[in-house]
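Engineer: what's the 3D shape of this:
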Amino acid sequence: MNYDFRAVGLLLTKVHNQKVPTQPKDKCVVLLSGGLDSATCLAMAQDLGFDASALTVIYGQRHHVELEAAKKVVKAAGVQDHRFVSVDLNQIGGSALTADIDVPKNRDESDMSAEIPVTYVPARNTVMLSIALGMAEVLGANDIFVGVNAVDYSGYPDCRPEYIQAFEKMAQLATKASVEGSPLRIHAPLISLTKPEIIQIGLKLGVDYSLTHSCYDPDQDGRACGACDSCLIRKAAFDSLGMKDPALNHMV
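Structural biologist: Reported below is the predicted structural model:
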């Protein structure tokens, strides 16, 4: 697996002002939701020298403001190839993000870590990575970047290192490119980083977090609620850095 090297390598790049070795303009696919993590992941892939294509999956999420955020992030990053693919996961439901289920609010850290929350979307990362896998193979890209994180999230099973390892192994068995000697690699460079560390990396790489959207339950105008798990995690991270989350600038 390469994700630990990529994450540590990027941090060393910032400290020692040295580039992590990579072939110039290798193509990659970056899964981009429009959130803080995926925007940072895109910036990291570009900083490593990749020619990034962005993939945003419309999976039936109740709120579409993140799709508009994805467009803004991609435009700001100068990415020329941004594709949207629709998969209607709200037909199976089972999540507060795809079905008529209340989003938990104002929970403390112990509540967030007690169990897998109702904001978990069954099979979402597996579906999205599978689409990215097909897109990468068609583009001739050997690398896929995904912004999953196992530190600040509420135990989502498809955000763990062992899941990424298993998917990469499957990908190397399932694709024509891999069978013919060009194995596809899955990079999750944020997986072992804290949210403040992720933000610090993004800021160093010029990510404009005011363009991003992470809220699970925005209002009718697309403004973050400030009370769901995702908003609270973001706010705490920016607070720890002495900053205000730009996504909450409309709030007092």
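
Engineer: In the stretch 151-252 of the chain, mark out all the helices, start to finish.
Structural biologist: Listed in chain order, the helices of the stretch 151-252 of the chain (DSSP state H, counting those that start in this stretch) span 161-174, 176-179, 195-204, 229-240.

Engineer: closest one to Gln46 among these?
Structural biologist: Gln46 sits nearest to helix 195-204 of all these, at 11.7 Å, using C-beta to C-beta. To be clear about C-beta, it is placed using only N, CA and C from the backbone, and glycine gets the same treatment.

Engineer: Give the other helices and strands that that closest one contacts.
Structural biologist: Other elements packing on helix 195-204 under the criterion 3 or more C-beta pairs under 8 Å, 6 or more residues apart in numbering; DSSP states H and E are helix 3-16, helix 36-47, helix 229-240.

Engineer: Grab the CA positions of that helix and hand them over as PDB.
Structural biologist: As requested, C-alpha coordinates have been extracted for helix 195-204 and formatted as PDB (Å, rounded to 0.1, in the frame of the first residue of the first chain):
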ATOM      1  CA  LYS A 195      -8.700  17.000  11.000                       C
ATOM      2  CA  PRO A 196      -6.400  19.900  12.100                       C
ATOM      3  CA  GLU A 197      -3.500  18.200  10.300                       C
ATOM      4  CA  ILE A 198      -5.600  17.900   7.200                       C
ATOM      5  CA  ILE A 199      -6.600  21.500   7.300                       C
ATOM      6  CA  GLN A 200      -3.000  22.600   7.900                       C
ATOM      7  CA  ILE A 201      -1.800  20.700   4.800                       C
ATOM      8  CA  GLY A 202      -4.700  22.100   2.700                       C
ATOM      9  CA  LEU A 203      -3.900  25.700   3.800                       C
ATOM     10  CA  LYS A 204      -0.300  25.200   2.800                       C
END
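
Engineer: Arrange the helices of the stretch 151-252 of the chain in TSV, one row each, with mean pLDDT as further columns.
Structural biologist: Formatted as TSV, the entries for the helices of the stretch 151-252 of the chain read as follows, by pLDDT from 0 to 100:
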stretch	mean pLDDT
helix 161-174	94
helix 176-179	90
helix 195-204	96
helix 229-240	93
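
Engineer: Compare these and give me the one nearest Val127.
Structural biologist: Taking C-beta to C-beta as the criterion, helix 161-174 is the member of the helices of the stretch 151-252 of the chain that comes nearest to Val127, at 11.4 Å.

Engineer: Give me the helices and strands touching that closest one, please.
Structural biologist: Using 3+ C-beta pairs under 8 Å, 6+ apart as the contact criterion, the elements in contact with helix 161-174 are helix 124-139, helix 176-179, strand 185-187.

Engineer: Please repeat the previous calculation with a cut-off of 6 Å.
Structural biologist: strand 185-187 (3 or more C-beta pairs under 6 Å, 6 or more residues apart in numbering; DSSP states H and E).

Engineer: Could you count how many residues lie near Lys235?
Structural biologist: Here the count is done by other C-beta atoms under 10 Å, and Lys235 has 19 residues near it.

Engineer: again with Gly140
Structural biologist: Using other C-beta under 10 Å, the number of residues around Gly140 comes to 10.

Engineer: Lys169 now?
Structural biologist: A count of nearby residues for Lys169, using other C-beta under 10 Å, gives 13.

Engineer: what separates it from Arg124, distance-wise?
Structural biologist: 20 Å (C-beta to C-beta, to the nearest Å).

Engineer: and if you look at Pro183?
Structural biologist: In this structure, Pro183 and Arg124 are 24 Å apart, going by C-beta to C-beta.

Engineer: neighbour-wise, which of those two wins?
Structural biologist: A count of neighbours by other C-beta under 10 Å puts Arg124 above the other of Pro183 and Arg124, at 20 against 15.

Engineer: Now that one. Nearest residue, chain neighbours left out?
Structural biologist: Nearest in space to Arg124, with sequence neighbours left out and distances taken as C-beta to C-beta, 6 or more residues apart in numbering, is Tyr59 at 6.0 Å.
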